[in-house]
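>>> Output the structure for:
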Amino acid sequence: MADLRTDLEAYVTVAAELSDPRVDRTVALTARGLDEDAWEEIDDAWQARLSEAEAEAEDAAADGVPPLVAAHAEAFARAQRARVHDVLPFERFVTAASALRRGGDLRSTLRRLDLTLDAYLTAQAHWTARMLEDDALFARFEHAMR
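Have a look, this model is predicted:
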């Protein structure tokens, strides 16, 4: 198992998991042999490194984002995307998006479609990211929304 104190990818994988309000923190930490105090120590150390990298970049009047901060942001985004397990199929997302676009009460529309707001928002984030990378998928979405 990678060392959370030195491996950025390992650290952000746990951080992404713990950022999910549905995750039982105690269970997630215990599975890694940690408790809240141990995690807080690891997290504080990484936050200090990130702050130091930003401060050094400011002191050097460097343009752009410090490499460690950029690597952290990219790794966190990858970890968040990897956590999407229960994303709606594209066709079901399109059906929901179309129904919501037509208007009406959000709550009753989602209830009629047997969807939670969280499931819809997760699908929206997932499929929007995919459509930004895939013109054909975006074209299918646009066509269906007419």
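
>>> which stretches of this structure have low pLDDT?
Along the chain, segments meeting pLDDT under 70 span 60-62, 84-86.

>>> And the helix ranked longest in the chain, what's buried?
Of all segments of type helix in the chain, defined using DSSP state H, the longest is helix 36-59. For helix 36-59, the neighbour count (16 or more other C-beta atoms under 10 Å) marks 39, 42, 43, 46, 50, 53, 57 as buried. To be clear about C-beta, it is placed using only N, CA and C from the backbone, and glycine gets the same treatment.

>>> what packs against that helix?
helix 8-18, helix 25-30, helix 67-82 (3 or more C-beta pairs under 8 Å, 6 or more residues apart in numbering; DSSP states H and E).

>>> so of the ones you listed, which one's packed in deepest?
helix 8-18 (a mean of 19; mean count of other C-beta atoms under 10 Å).

>>> quick one, it and helix 67-82 angle?
Relative orientation of helix 8-18 and helix 67-82, computed by axes from the mean of the first three to the mean of the last three C-alpha atoms, to 10 degrees: 50 degrees.

>>> who does helix 8-18 touch, helix- and strand-wise?
Packing partners of helix 8-18 (3+ C-beta pairs under 8 Å, 6+ apart): helix 25-30, helix 36-59, helix 67-82.
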